[in-house]
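Engineer: compute the structure for the input listed below.
(one chain, ligands or ions: 1)
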Amino acid sequence: MKTQKELRALIDQMTMEEKIGQLVQYNANVFTDTSQEATGPAAELGAKPEFLPVVGSSLNFQGADEMIRIQDEHLAGDRNKIPMIFMMDVIHGFRTIFPIPLGMGASFDEKLVEECTRMASKEAAAGGVQVSFTPMVDYARDARWGRVMETCGEEPLINGIMGAAQIRAFQGDDLSSPDSLGTCVKHFAAYGGAEAGRDYNTVEISERLLREYYLPAYKACLDAGATMIMPSFNSLNGVPSVANKWLMKKVLRDEWGFDGVVISDYYAIGELVLHGITDNLKDAAAMAFDCGCHMEMMSVGYQSHLKELIEEGKFTVEQLDDAVMRVLKLKNDLGLFDDPYHGASSAKEAAVCLSPEHRALAKKAAEKCAVLLKNNGVLPLDKETKRIALIGPFADEKAIKGFWACCGEDKDCVTVAEGIRALCPDAEVTVVKGCSALWDDKDTSGFAEAVKAAEAADTVILCVGEPQNYSGEGNSRADIGLPGLQTALVKEVAAANANNAMLLFTGRPLVLTDVEKSVGAILNMWFPGTEGGSAAASLLFGEANPSGKITMSFPKAVGQCPIYYNHPSTGRAKQTPEEVHQIYASNYIGCGNLPLYSFGHGLSYSNFVYEGFEIDSDTLTADGKITATVTVTNDSDRAGEEVVQLYMHDLFASAVRPIQQLIAFEKAAFAPHETKTITFEVREDMLRFYNAECEFVSEPGDFDLMVGYADHFAFTKRFKLV
Ligand code: NOJ
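Structural biologist: Sure thing, here's the model as predicted:
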C-alpha cells in the first residue's frame, strides 16, 4: 500500500499525457492489436497508438490469463509502474449465474443477495476483475424497457436495500482482499424513466418525482460506500447526465459530497455530439470533465482534447490531478500496487468457478426468486407422476441464464428436462418444443405433436417465455405478451389436458392476460441462471416451496404501462378490478386499471393466515415510535416462507401522496402450523416525502398502516403524526 504522500509524489512525476491516461478506459481488445499502428477496434475508436501504453484501465477482457497478459505488457512499458485497473459487468454472477436482479428482488432476501454477490465476487476476482459495474439500481415502472431485468423494479426501498447489500458483499471489509471487488453504482440518473420504455430514450421528470423515487437508491448505494458511480446515457430534463450540471454538481458533488470516481458510460461522452448539445468532441470532453466525470469509457475526448483544454486555461492542472488522485487512490485501495493481479490466476479461476458449492447456491437462489403467480392446486406435483409432458420452447432449453450473464455460458445451464429427469428418474418424460419463442415465428407445424403428447400425459408442464436476448440492454419491446405463437400453443395444449402448469422464463413482467385463464398454475422462474432447471424441478415437485413476491407489476395490457403500485391519488380514482368502465373516472374502457399481478404478489404451497394487526399507539411524535404487530400462521403441513409487508398511506399532505407505499417488510420462515408474531417499528422519518416546496419533510396528520399488498390488504390501522 502507498501512503497519500507517495501517491502525490507519483502524480508529481507524471507527464500530462500519463495523467490523462489514468482517466481513460478501453476495451481489452484494443490492447491486443497495438503492436504497430492502431488497427481494428483501436482504429475505429480513434485510440492513438502512442497513447495506448499510458492508458490506465480496461474492461471486457476474457479471464485471468488475458488480464495478466495485458497487465504485464503495460507494467513492462510504464516507467511509473502504475498498474492498470480491470473492470467488468458482474451483474448476476461471473461464471456461475444466479437469477437476474429482478428475480433477486423478488426474493425480498438481502442475505441471499449478499451470499450470491459474494460468490460472484470470488469468481470474478479469481478471473481478473477488480471493479464491477454493479449495482444497477435504476428505478423502473415500464416493463417495455429491456433493462428492467437488471433492476429490482418499482419500489425505491427495495432497489436501495438490494443495491447496498451488493456493495457490502462485493467490497467486503477490505477492498485489497483478493476476494473483494470495487463497485460502480449506475446509471445516474433515472435511466429507467426512458419515455415509452425504449432504451436510451429521453427522460423528462419533475424534480419531486426524481428525488422521491429515482434518486434514493443511488444515494443508499453511495452511503453503503460504493467506490464509483456511472452517469446514465439518457438526457435528463434536456441535458444528458454526463454533462448535466444540476445532477453532477448540485446533487452528486454539493449535496451528497461524493468523493469517489465517476466514470462515463460506454461512449457516452462521444454521444454528447449525437445528442446534439455540441457539434464537437472537444466541447463534449470539456462538458463532462467540468461536471466531474473523472474517467471516460470508450470514447477519445479526454485522450484527444484534455491536454489542450488545460493549456487553454479551461481547466487547471489541479483539477486534472484531483481526478488522477481519485483513480490512483482506488488502485491503491484495491492493493494493485502490491499485487497488480489482485489475486487472480487461471488456476484459481478454474477451481472456484462452477464449483459444486457455487452451483448449490445458484440452485437455492433460483428457488427463492421464483414466484408462484397462480395455482389452482395442480402444484406441487406428485413425485410418483408417471407420464410428464414438457411442452414449449423452454422445455429443454439451455439459454436460461439471462442477459448480462458476464462469463456464464448456456452450455453450463441445467434445462427443465434435465432437472426433472434427475429428480424423478422413474418418470416417463416427453419433450416437445411445439414452436419457438421468437416474436415472428409463423410455423405451427409442431402444434399437433404437442397436443398429442399432452393428451397422452398425466401432467403437462408448459415451458414458455421470452428468449434471453429480448431483455437487457438495447432490447425493448412494444408488445410484451408471450412472443410469437406461444399463447396459441398454451391454449391448445391446455385444452388437451387440464392437468397442466406453466413455467415462465422472462426478463420482464409480461402481459399474460390471454393465457392465465387457460392454465392451472403459473410459476415464474425469471431467467434463473445456471441451475434453473434443477430449481424448477424441485419447485414443481414440492421439494422447495415458492416464496418470491414480484417487485414489478405484471400489466393486464401493454397500454397500462407505465403501471406501478405506489401511484399518486387522483381526483377521479376508480379502482376497477373487473373490466367495468366508469365514465369521467380515471380508468380504461375494457381493461380496468389494476395490473394482472401487482407488486408484492406471490403464492406459496403453504397457506398463511394473518390475524390481529395491532398498533401500540394511535399517536406518533417526532422522536417516538409506534410498534405494529401482526400474527401470521402457516396453516398447512408444509414448511414455507412468507414476506410480511407493511404499507402506509399519508391521507392528506401538501403534495399528492401515493395510495400505498411499502415502508417495511420481513421475510420469515415457518414450520408447518407455526404461528409467529411479526413486529414492525414505525418512526417519523419513514413518513417523510418531498412537499409542495420540494423539501424532504413529514407533515402532521392522519396516516393509515396496511398489512398485505396492493388490493389485498388484510388490515388497516390509522394513527396521527403530531
Ligand atoms: C453500457 C451499459 O449501459 C453499462 O451498464 C455497462 O456497465 C457498460 N456498457 C460497460 O459494459
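Engineer: mind listing the strands for the stretch 501-650 of the chain?
Structural biologist: 521-524, 608-615, 619-620, 625-634, 640-650 (DSSP state E, counting those that start in this stretch).
Engineer: for the longest one, packing partners?
Structural biologist: In terms of contact count using 3 or more CB pairs under 8 Å, 6 or more residues apart in numbering; DSSP states H and E, strand 640-650 is assigned the packing partners strand 625-634, strand 661-670, strand 675-683, strand 701-707. For the C-beta atoms, the positions are set from N, CA and C on the backbone; glycine is no exception.
Engineer: repeat that for 6 Å
Structural biologist: Where contact means 3 or more CB pairs under 6 Å, 6 or more residues apart in numbering; DSSP states H and E, strand 640-650 is packed against strand 661-670, strand 701-707.
Engineer: confirm that Glu50 sits in a strand.
Structural biologist: No: counting by DSSP: H, G, I helix; E, B strand; the rest coil, Glu50 is not part of a strand but coil.
Engineer: now it: how far from the ligand?
Structural biologist: In this view, Glu50 and the ligand are 26 Å apart by CB to the nearest ligand atom, to the nearest Å.
Engineer: burial of the closest residue to Asn376 other than its chain neighbours, as a residue count?
Structural biologist: Nearest residue to Asn376, sequence neighbours excluded (CB to CB, 6 or more residues apart in numbering): Gly520, at 4.7 Å. Using other CB atoms under 10 Å, the number of residues around Gly520 comes to 20.
Engineer: rewinding a little: which of the strands of the stretch 501-650 of the chain is buried the deepest?
Structural biologist: strand 521-524 (a mean of 24; mean count of other CB atoms under 10 Å).
Engineer: anything in the strand or helix carrying Ile158 near the ligand?
Structural biologist: Assessed by DSSP states H and E, Ile158 sits inside helix 156-171. No: Helix 156-171 is not in contact with the ligand by CB under 6 Å from any ligand atom; minimum separation 13.8 Å.
Engineer: buried stuff in that helix?
Structural biologist: For helix 156-171, the neighbour count (16 or more other CB atoms under 10 Å) marks 156-171 as buried.
Engineer: list just the nearest of those to Ala501.
Structural biologist: Of all the buried residues of helix 156-171, Ile158 has the smallest distance to Ala501: 27.5 Å, by CB to CB.
Engineer: my read: that closest one touches Cys152, true?
Structural biologist: Yes: when contacts are counted by CB atoms under 6 Å, Ile158 is listed as touching Cys152 (4.6 Å).
Engineer: give me the common contacts of those two.
Structural biologist: 105, 551 (CB atoms under 6 Å, 6 or more residues apart in numbering).
Engineer: those residues of this structure touching the ligand, which are they?
Structural biologist: So the chain meets the ligand at 59, 89, 133, 186, 265-266, 473 (CB under 6 Å from any ligand atom).
Engineer: ok, the residue of the stretch 151-300 of the chain found nearest the ligand - contacts?
Structural biologist: Going by CB to the nearest ligand atom, the ligand is nearest to Tyr266 of the stretch 151-300 of the chain, at 3.9 Å. Contact analysis of Tyr266 by CB under 6 Å, 6+ apart lists 297-298.
Engineer: what's the local residue count around whatever residue of the stretch 551-700 of the chain ends up closest to the ligand?
Structural biologist: Using CB to the nearest ligand atom, the single residue of the stretch 551-700 of the chain nearest to the ligand is Met552, 18.8 Å away. Using other CB under 10 Å, Met552 has 29 neighbouring residues.
Engineer: and for it, nearest residue in space, chain neighbours not counted?
Structural biologist: Gly153 (3.2 Å).
Engineer: for the residue of the stretch 401-550 of the chain found nearest the ligand, give its distance to Asn27.
Structural biologist: Closest residue of the stretch 401-550 of the chain to the ligand, CB to the nearest ligand atom: Glu473 (5.6 Å). Using CB to CB, to the nearest Å, Glu473 is found at 15 Å from Asn27.
Engineer: before we move on, back to that, distance to Thr677, mean pLDDT and mean neighbour count for the helices and strands packed on strand 640-650 - can I get that in a markdown table?
Structural biologist: Compiled in a markdown table, the helices and strands packed on strand 640-650 are given as follows (distance: least, CB to CB, whole Å; pLDDT from 0 to 100; neighbours: other CB atoms under 10 Å):
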| stretch | distance to Thr677 | mean pLDDT | mean neighbour count |
| --- | --- | --- | --- |
| strand 661-670 | 10 | 98 | 19 |
| strand 701-707 | 12 | 97 | 19 |
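Engineer: how about a markdown table for these, with distance to Ser176 added?
Structural biologist: Output for those, formatted as a markdown table (distance: least, CB to CB, whole Å):
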| stretch | distance to Ser176 |
| --- | --- |
| strand 661-670 | 33 |
| strand 701-707 | 45 |
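Engineer: out of these, the one nearest Asp290 is which?
Structural biologist: Among these, if distance is taken as CB to CB, the winner is strand 661-670, at 37.4 Å.
Engineer: from the contact counts, what lies against that closest one?
Structural biologist: So strand 661-670, by 3+ CB pairs under 6 Å, 6+ apart, packs with strand 640-650, strand 675-683.
Engineer: can I get these in TSV with mean pLDDT?
Structural biologist: Output for those, formatted as TSV (pLDDT from 0 to 100):
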stretch	mean pLDDT
strand 640-650	98
strand 675-683	98
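Engineer: what would those strands look like in TSV with distance to Gly559?
Structural biologist: Below are those laid out as TSV (distance: least, CB to CB, whole Å):
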stretch	distance to Gly559
strand 640-650	26
strand 675-683	36
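Engineer: tell me the spacing between Lys329 and the ligand.
Structural biologist: 21 Å.
Engineer: tell me how many other residues surround that residue.
Structural biologist: 17.
Engineer: immediately after the worst-scoring helix or strand of the chain on mean pLDDT, which helix or strand?
Structural biologist: Ranked by mean pLDDT, DSSP states H and E, the helix or strand of the chain with the weakest confidence is helix 40-45, at a mean of 82. Going down the chain from helix 40-45, the next helix or strand is strand 57-59, by DSSP H and E.
Engineer: tell me the mean pLDDT for that next one?
Structural biologist: Average pLDDT, strand 57-59: 98.
Engineer: summarise which helices and strands that strand is packed against.
Structural biologist: Using 3+ CB pairs under 6 Å, 6+ apart: strand 57-59 touches strand 85-88.
Engineer: helices or strands up against the next helix or strand after the strand it packs on?
Structural biologist: Proceeding N to C from strand 85-88, the next assigned helix or strand is helix 101-106, under DSSP H and E. Judged by 3+ CB pairs under 6 Å, 6+ apart, the packing partners of helix 101-106 are helix 356-369.
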